[in-house]
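A.B. asks: Sharing a model that was predicted from the sequence below.
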Amino acid sequence: MMKEEQVTKKEQIKGTDSMDYCFIQSMMTQNEKGLRISGSFIPQAYNNMVEELKQKFGESLTKNHLKNRLKTLKSGFSQWYDMFRGTSLSGFGWNSETQPIEADEEV
């Protein structure tokens, strides 16, 4: 007889704007504490962030959830940065004097 394989389903957690904000604040705190070395958070930083966010949101968060969310946030940031400040010359830009986002007429 063949053994039945147990399939473990990974719990997905949908990030909200408030969770993202708290996560970013938590990352900044860990960075200020010196728990980010050479651009990467050390395991203790992730442990601290997981505990902090669990207390605020009661979700069953893990280090992997946070790492995946960080990748998503970085990707989104990168796209917006390139559009408004990067070298892509998208035609969009930030007017620091009047402070709106502006676009060239043809865009």
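C.D. replies: That came through fine. Residues are numbered from 1 along each chain as shown.
A.B. asks: Would you check how far apart the closest residue to K33 other than its chain neighbours and G76 are?
C.D. replies: Using C-beta to C-beta, 6 or more residues apart in numbering and skipping the chain neighbours, the partner closest in space to K33 is A45 (7.7 Å). (C-beta placed from N, C-alpha, C; glycine too.) As judged by C-beta to C-beta, to the nearest Å, A45 and G76 stand 21 Å apart.
A.B. asks: Give me the more crowded residue out of those two.
C.D. replies: A45 (22 against 11; other C-beta atoms under 10 Å).
A.B. asks: And the pLDDT for that one?
C.D. replies: pLDDT for A45: 97.
A.B. asks: Over to it. Which of the three states is it?
C.D. replies: What DSSP: H, G, I helix; E, B strand; the rest coil gives for A45 is helix.
A.B. asks: Same question for S60.
C.D. replies: S60 is classified as coil under three-state DSSP.
A.B. asks: So for it, what's the pLDDT?
C.D. replies: On pLDDT, S60 comes in at 84.
A.B. asks: next one: F77
C.D. replies: Per-residue confidence at F77 stands at 77 (pLDDT).
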